[in-house]
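Asker: attaching a predicted model along with its sequence, questions to come.
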Number of protein chains: 2
Amino acid sequence: MSSDEKLLHGRKPGDRRVRVERPDSRYFRYARPGVVVARPAASEPRSRLGRTAITTRRAIFGQPIASAQEVEQRLPKWKALAVFSSDVMSSVAYATEASMFTLLAAGTVAFAYLMPISFLIVGLLVLVTFSYRQTIRAYPGGGGSYIVAHANLGTLPGLVAAAALLTDYVLTVAVSVSSGVFNLASAFPVLHDVTVPLIVGAILLVMTVNLRGVRESGTIFALPTYIFVVSVVILVVVGVARTALGQPPQVTGVVPIQVPVESISLLLLMRAFADGCSAMTGTEAISNGTPAFKPPEWKNAQATMVAMAVILGFVFLGISFLATTAGAVPSQTESVLSQVGRATFGQGPAWYILLISTMGILVLAAQTSFADFPRLASILARDGFMPRGFAYRGERLAFNAGIVALAVLAIAVVVAFGGRVEALIPLYAIGVFTAFTLSQAGMVRHWLSERGAGWRRSAIINGVGAVATGIVAIVFAIAKFGLGAWIIIIIVPLLVVAMLLVRREYSRGTSELAVAPDLVWGPPVHRRRVVIPVTGVQRDVIQAVRFARSITDDITALHVTDDVAAGEQLRARVERQLPGLAFVLVESPYRDLVAPLIRYLEVTAERDPDSVTVVLLPERMTRHWWERFLFNQNVHRIRAALAGREDMLVADVPYRAFEPGARRSPGGPGS
Amino acid sequence: MSSDEKLLHGRKPGDRRVRVERPDSRYFRYARPGVVVARPAASEPRSRLGRTAITTRRAIFGQPIASAQEVEQRLPKWKALAVFSSDVMSSVAYATEASMFTLLAAGTVAFAYLMPISFLIVGLLVLVTFSYRQTIRAYPGGGGSYIVAHANLGTLPGLVAAAALLTDYVLTVAVSVSSGVFNLASAFPVLHDVTVPLIVGAILLVMTVNLRGVRESGTIFALPTYIFVVSVVILVVVGVARTALGQPPQVTGVVPIQVPVESISLLLLMRAFADGCSAMTGTEAISNGTPAFKPPEWKNAQATMVAMAVILGFVFLGISFLATTAGAVPSQTESVLSQVGRATFGQGPAWYILLISTMGILVLAAQTSFADFPRLASILARDGFMPRGFAYRGERLAFNAGIVALAVLAIAVVVAFGGRVEALIPLYAIGVFTAFTLSQAGMVRHWLSERGAGWRRSAIINGVGAVATGIVAIVFAIAKFGLGAWIIIIIVPLLVVAMLLVRREYSRGTSELAVAPDLVWGPPVHRRRVVIPVTGVQRDVIQAVRFARSITDDITALHVTDDVAAGEQLRARVERQLPGLAFVLVESPYRDLVAPLIRYLEVTAERDPDSVTVVLLPERMTRHWWERFLFNQNVHRIRAALAGREDMLVADVPYRAFEPGARRSPGGPGS
């Protein structure tokens, strides 16, 4: 039966065609038989309050964007670089210093190891970049660690990668925004007492911008990112040029920070290496976010990835080099980047621009997490591991639930730690490198099973990447375990278990509701009989009676009680006010209300197998969850006892009292 | 229209009369036209598991009792004395000692004040007893402080009295059971590490006995109560006789407890008086529990009240007298009652019986609270101040919800304080005397407005009672404020506010549903049209379609989506598997699902005002509350948006997958 024939079927085909095909020009557009398209007006509230609310919302978050416009919302490469690389770029502000801080324990002489360590890190970066270039090509639909590990290694490795990344994203937001605000508070000490509100405010600001959609956040955040990138590139170029010309910048007037003295050991060097590797968190962002690029997505994503790695490698090596040659040293009062900048530019405007854009990039590092967390959550929701709401795109095509969840979790972490989030820094690289390793290992598996052109070369690249990032993850675990990395070992499995439980519920739900695709439910022919359990003549009961009268004339009001006298009074009232209803009083001497009601329904249904018993349960709609404890207790019990039976049809008939914007019902007699 | 005519009305009167009048001899008994009586079998589960569960339950709690047998379940006076006086009687075990402990601070010479204080307390007892005799006569339906204060002074005083008493009952259970178990642990030190589990176990035991009904708990608890009463009466008689014969008992070998030294002051004497007054908590129990007596209720209750007061006054005065003359003194190792008993009986069997029955009565003091708390809660529930479940009588005619709630709250208090509940003792008399005062003041108001025979005398008795108990309440507040009585000032108002909120919700619910008694809803004549929002062909949708087919042939499946291709696939499937349904696809380019659906329903309903639009919402029944976050989110939103509209009828059609004991539905095609 085609849909055209379908529309002509029915008692009043003309009526129905009108109804279906041309419902209303204001709210719907007629597309073709059986299909209408909702206009924006269909989603708009009609009450004045509702309209004011939506106008305010749209002023903040922007006008809705249709699904078909999704491609127009994609990011050009230059915006994508800003969105996805802010995390990586921000680490330039502190990665060199972190390594130096650790080496300082063995004296400034240990700074000799800084350049070798930096080369090692950049080598790792090159390896990871090449690995992810391949992943982008192989998974153009978004090749985050979760997808790759899940597809090639199985559910559990996939979820471990997902859990590690989700944790990492939350911590990145908390840590980066906090450190940005702390930098600001160092410059303006008056802000010191309000750091936590400032951090929360900054997170909410980044959240709001992201709720406007990925394209807008790219536009808004591109400028500060590029100012920072240009500043540090010029810094490195000028500094190296001056060194080459024999006028190397010299850092002056810095008091080194006091640290406990250690001798040089392998563990110390490992820790310095691990600290420097924090520069690499965020490199997987582009691979995960490939679908946000303009077509051809994978090509643009690869190009952006390479650009990001080149800039990062260049700047990171350059700053490490300048820090060594200029004699910078970690200090309580001035960051290494600031020292290098001051030595290179002098205390002029260029240095100030560098300082201010550093603060900006630290806050914006959160942006990468806001781009990736909701995307990963939506993929997990699509696969049934997280509540479905995370897969839903809001008016602006953003994954609103994920964006809000990330902000809430990050704020919770900040508030729980009172804004002192330095303690979290050692935690969040270990998850990233675990995810890297799982992802690369998954790619090796992918190449081994695909065996397409050049699979050997690809497998070797990813294999080397997997081994290298795996070693780094182990180095992290050894070097940072005592500093708190063990917490990850608790959080990640808990998250994995939670996701597995959600998945189990969803698949149970799906299988319970599954229907074989070849069964046909034809129209049955039945007489029908409606039974309404009543406790009195109230509006909810009358609503159910109205409903019943739309079904049949054979309606029975059923009243179970241990108080026969009161029951007979109710009978008189029902007969007076609801003429045509039969009234049956079931006396329950043992005061049990639910079981006798159900037995009565069963017994009468058995006596009359030719007709369908329809049970309508009047239910007063409650406004708040706690009203459940006050109302409808018996309705829920009756419903639970009757739902799933073959011999009866059950429905709740909700009744809600007057509320602004809704019409009152039932309004009066005869309605 | 009589109910006989009613039964003859309808399309197939013969059929219906059979169904209504003689539904089944196994589950129902036919009483008269339109009335059937449920047999016990109607309340019994049919599955084997369910039957085993109910057999076990009945073995513990007893067979169900019909409402009509309520009078047979009433208490004869001797059982009522045991049930309602155990609290009062138990205080004999510690009230004298509590006064002496306070006086000891001023040295044993201060014990000279013990007898005057005891006479003052007994005088107060006489006054309160006469007052409550009058209350019992005036409120034979149960004259607790709440009812009297509520009826005569207004809602707020009534609720203050109720809150004070509810708090008092919870604390009484916690304190009395704990002190009984501590006494036991003093005798058997091996139990010291398991006191909290023992206390919890004892509370659960008393709870279980009370769930068997008030009559059974009277039977079970009468023996230990009477053993104790007889023991102490004999103790006083023998001791006084020996004193009269010139051989007064002499306490020997007791080390007085060390207390901080104070000089005799009015505050000290007030504290000693307040401590002794703890003997009077529980005197209002009989007045509150009048309906539990055999008819004539008020006469029996009055007689029992007088008997209780006489025994209490006699024993309390006697023990105070013996303690003074025998030279008993509070000690760490032996209670004053034990000292008096040892001096009087010698260390023989009579002394051991006294000691063991003392432990028993301390645990049983909780029984009075278990008799009164659920009764008071049921009255509050009847008046709408507590959830309705508290007014429901279980199979054994007991107010199960109140009994369980009391046990749970008392256990919570015990666990929260780790079983060290001495700190609570100062708290729980202040509430009792506040309730006394409000109740007596209410009675004065009652007499002043009734002005029946002898109203002046009655008003004077209650007035004096009100003043006296009011003074005691103030004395308590002054003497015990610093010791923790201020906590009551927080708890009682919180409870009052909570009860007022519950009441507000219920009266809002009632007024929202109220129907004028003269309106008549006649049968409307309507064509009907069913719309079912669908997301796929699943069992819950098929259940809704089955329901819809019992209403009409004009059924539309409505699918809102932003993915037209997937929607068209669904159309093909619906047309194949559910022939006869119209399928309308509403494309929502902005991904909003709920608002366009509702607009579409509105628009089509407006186009066809002659027919009723029935919206059936397929809903998968969830098993756990947290599944709400995973399933049915849109159903709830659609329902909230549509309920209360005049132009549509809405119903949830719950679907539940197979569970043991329920038949599977829908079983297959054509069902």
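Answerer: That came through fine.

Asker: now do the contacts for the nearest residue to A:Ala285 once chain neighbours are set aside.
Answerer: Distances taken as Cβ to Cβ, 6 or more residues apart in numbering or on different chains put A:Phe84 closest to A:Ala285, at 4.3 Å, once the chain neighbours are dropped. All C-beta spots, glycine's among them, are computed from the backbone N, C-alpha and C. Shown in contact with A:Phe84 (Cβ atoms under 8 Å, 6 or more residues apart in numbering or on different chains): A:Gly282, A:Ala285, A:Ile286, A:Gly289, A:Thr304, A:Met308, A:Thr368, A:Ala371, A:Asp372.

Asker: which of those residues ranks first by neighbour count?
Answerer: A:Ile286 (35 neighbours; other Cβ atoms under 10 Å in any protein chain shown).

Asker: in what helix or strand does that one lie?
Answerer: Of the helices and strands defined by DSSP states H and E, A:Ile286 is found in helix A:285-288.

Asker: helices or strands next to that helix in the packing?
Answerer: The contact analysis (3 or more Cβ pairs under 8 Å, 6 or more residues apart in numbering or on different chains; DSSP states H and E) places helix A:285-288 against helix A:77-91, helix A:114-138, helix A:297-326, helix A:349-382.

Asker: same thing but at 10 Å, please
Answerer: Using 3 or more Cβ pairs under 10 Å, 6 or more residues apart in numbering or on different chains; DSSP states H and E as the contact test, the elements touching helix A:285-288 are helix A:77-91, helix A:114-138, helix A:145-153, helix A:155-187, helix A:297-326, helix A:349-382, helix A:428-450.

Asker: is any part of the strand or helix carrying A:Val502 close to chain B?
Answerer: Using DSSP H and E, A:Val502 sits within helix A:486-513. Yes: Helix A:486-513 comes into contact with chain B (Cβ under 10 Å from any Cβ of the partner chain), by way of A:Leu501, A:Val502, A:Glu505, A:Tyr506, A:Arg508, A:Gly509, A:Thr510, A:Ser511, A:Glu512, A:Leu513.

Asker: how much space separates the residue of the stretch 201-350 of chain A found nearest chain B from A:Ile286?
Answerer: The minimum distance from the stretch 201-350 of chain A to chain B, using Cβ to the nearest Cβ, falls at A:Gly213 (12.7 Å). A:Gly213 sits 18 Å away from A:Ile286, going by Cβ to Cβ, to the nearest Å.

Asker: likewise A:Val194?
Answerer: If you go by Cβ to Cβ, the gap between A:Val194 and A:Ile286 works out to 36 Å.

Asker: cool, and A:Val259?
Answerer: When A:Val259 is compared with A:Ile286 (using Cβ to Cβ), they lie 36 Å apart.

Asker: so which residue is dead centre in chain A?
Answerer: In chain A, the residue lying closest to the centroid (Cα atoms, centre = their mean) is A:Gly402, at 2.0 Å.

Asker: can you check the pLDDT for it?
Answerer: A:Gly402 carries a pLDDT value of 92.

Asker: hmm, it is touching A:Val214, no?
Answerer: No: between A:Gly402 and A:Val214 there is no contact under Cβ atoms under 10 Å: 11.9 Å.

Asker: overlap in contacts of those two?
Answerer: Common contacts of A:Gly402 and A:Val214 (Cβ atoms under 10 Å, 6 or more residues apart in numbering or on different chains): A:Phe370, A:Pro374, A:Arg375.

Asker: and for the second one, nearest residue in space, chain neighbours not counted?
Answerer: Closest residue in space to A:Pro374, ignoring its immediate chain neighbours: A:Gly402 at 2.8 Å, by Cβ to Cβ, 6+ apart.

Asker: same thing with the first one?
Answerer: Spatial nearest neighbour of A:Phe370, chain neighbours left out: A:Asn210 (4.5 Å); criterion: Cβ to Cβ, 6+ apart.

Asker: count of residues packed around A:Val36?
Answerer: 26.

Asker: mind telling me what element it is part of?
Answerer: strand A:35-38.

Asker: what are the contacting residues of the next helix or strand after that strand?
Answerer: Sequence order places helix A:48-61 as the next helix or strand after strand A:35-38, per DSSP H and E. For helix A:48-61, contacts defined as Cβ under 10 Å, 6+ apart pick out A:43-45, A:47, A:64, A:208-213, A:216, A:394-396, A:398, A:400, A:660-661.

Asker: swap in 6 Å and give it another go.
Answerer: Helix A:48-61 is contacted from outside by A:Pro45, A:Leu211, A:Arg212, A:Arg396, using Cβ atoms under 6 Å, 6 or more residues apart in numbering or on different chains.
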